Each structure stands twice: as structure tokens, then as C-alpha cells.
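Q: Sequence and predicted structure, then a few things I'm wondering about:
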Amino acid sequence: MSNSHELQRTGEAIELKIENNVAWISLNRPEVFNSFNREMALLLQKILDDCNTDANVRAIVITGNGKAFCAGQDLKEVTDPELNPGFRKILEEHYNPIIKKIRTIEKPIVAAVNGVAAGAGANIALACDIVVATEHASFIQAFSKIGLIPDSAGTFFLPRLIGFQKATALMMLGDKVTAEEALQMGMIYKIYPASFFNEEVMTLATTLAQMPTKALGLTKRLLNQSMTNNLEQQLALESDLQIEASSTNDYNEGVTAFVEKRKPEFKGN
């Protein structure tokens, strides 16, 4: 397939562009700070599934259109008797599947946080493999402000990123965390200036897409398992997956290019 596709989805709750083997997924409800309703949640799942099976996609970016990354759940949906799907359906059919897909798709996924990331929006970002932000971005565990508990795997990932004590405080108090604070506490990878944020993100994602993405996917699998494995289990899994990685074309290309003192051309297989 060619390295570039035209914009595939426009004017919907989510826009999709595939270029240079990177799928650029933009949450597109800027008038409500890209908060999730059922339509957007189900569409994101469908797009993630499509990106997973599209061999042309070797890296994925999730970002937001407008001023916000994602303000979490659209509260108008849950307060409208005719629209409200109920919290069990929202979690089991909207957010939980999104988090599971982000973690099980064996391709690098970058969260490009262009503005506020609140509630489920913050936790969807933190579930991604690499999180970058503009200097104007912020992260808020907003749940306690309205009497709810953190969902979308926030209680799983945030303590592992920044420590139990700090995560507890942020979740109970609902403090606003600036991008600089998030960087200092290890919540995110890097901050890019807003004036050329998209360009920096695309450079990062394109770099990932040109790497041996099969090995990156296996690394992601190892990191997932490290959350629950003991040392013996993790060492055994590393052995198994290293054997799998060493049988790839990309491994052969990497070694050959090293010996020949040239830049490798990885294909992701």
C-alpha cells in the first residue's frame, strides 16, 4: 500500500487521517471540549479496530480538535433521561473497551494532549504508550468533584506512573496538574510548544512507524504482563518473546544494516 491516504473520515465525532504509516485520530466535538457521548465512544472503538488490522498503520496518534484534548464524559448525556445509557453501559460498552483496545493493539499509540484532559479523557491519555502535551495542557482527575470515582483504568495506571501517594491525592482532591508538573512527576514523556505541536507529534509518530514495530508490539505485551507477573514469569516471557523477535525480518535487517554500516529499513514484520 502507499505511504499516504487521503483523509478518511471528516465531519464526524472523530476524524481520521492516515499518512506515512501513521493513523492520526482526532476527537472532534470541540464545542463540548471533545467530551464523550455514546456515538463518539463507539466510533473510537471502530477506528481503533480498523487501525489494528490495517497493515499500512504502524503507529497511532490520538489527539483532540479545538482547545481541549478531552473533557471526559458528556454530562448532558447522563442527565438527559432520553439519552442516558446508564453508568454500567457507559463503562462496560464505552470506556473499558477503549482502554483494552489501547493496551492490546500491538502498535505504538501516542496521546497528543493539546489542551485539558479531564476525567476519562485524562485516563484514556495515560493508558497510551507515550504521552506528550503542549505547555498549555492540563490533567485533572475530576471525578471527586461530582461524587464519582476514577474510571477508565485511572486507578490502575496513575499510581504506577507517579506513585501511590501522589495518585491518591490527585484523585481525592481533583487538583489541576499543569503540563510542566505532569512532566516533572513522570506522568508524561515530553512537552512540545503549541506553535508547532502537531509537527513535533508527527515527527515522533513517524519515527515510531519507521522502527521495527513488531518488536515494539512485543515490548508493549511485555510491559502489560509486567503489571501482574512475578520475576520468574517475566523472565520466561522475555525469553519467549525475544525468540519471536529474533525470527522477524526486521531483526535480520537490523543486524545486516549494522554490519553494513547503513540505516536499516524496517517493514514491521
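A: Sure thing, it's come through. Numbers count the residues shown, from 1 in each chain.
Q: so who does the nearest residue to S144 once chain neighbours are set aside touch?
A: Ranked by Cβ to Cβ, 6 or more residues apart in numbering and with sequence neighbours excluded, the top spatial neighbour of S144 is G174, at 4.8 Å. The C-beta positions use only the backbone N, C-alpha and C, and glycine is treated the same way. G174 makes contacts with 140-145, as judged by Cβ atoms under 8 Å, 6 or more residues apart in numbering.
Q: Drop anything exposed from these.
A: Buried residues within the contacts of G174, counting neighbours by 16 or more other Cβ atoms under 10 Å: 140-143.
Q: just checking, what packs against the helix or strand containing K214?
A: K214 is located in helix 213-226, with elements delineated by DSSP states H and E. On a contact count with 3 or more Cβ pairs under 8 Å, 6 or more residues apart in numbering; DSSP states H and E, helix 213-226 meets helix 96-104, helix 231-246, helix 249-260.
Q: Could I get the buried residue list for the first one?
A: The one in question is helix 96-104. Applying 16+ other Cβ under 10 Å to helix 96-104 flags 97-99, 101-103 as buried.
Q: quick one: that helix to helix 213-226, angle?
A: On the basis of axes from the mean of the first three to the mean of the last three Cα atoms, to 10 degrees, helix 96-104 is oriented at 120 degrees to helix 213-226.
Q: May I have the next helix or strand after helix 96-104 as PDB, with CA atoms only?
A: The first helix or strand that comes after helix 96-104 along the chain, using DSSP H and E, is strand 109-113. Output of strand 109-113 as PDB, limited to C-alpha atoms (Å, rounded to 0.1, in the frame of the first residue of the first chain):
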ATOM      1  CA  ILE A 109       0.000   4.600  20.400                       C
ATOM      2  CA  VAL A 110       0.800   8.300  21.200                       C
ATOM      3  CA  ALA A 111      -1.600  10.500  23.200                       C
ATOM      4  CA  ALA A 112      -1.000  14.100  21.900                       C
ATOM      5  CA  VAL A 113      -2.600  16.200  24.600                       C
END
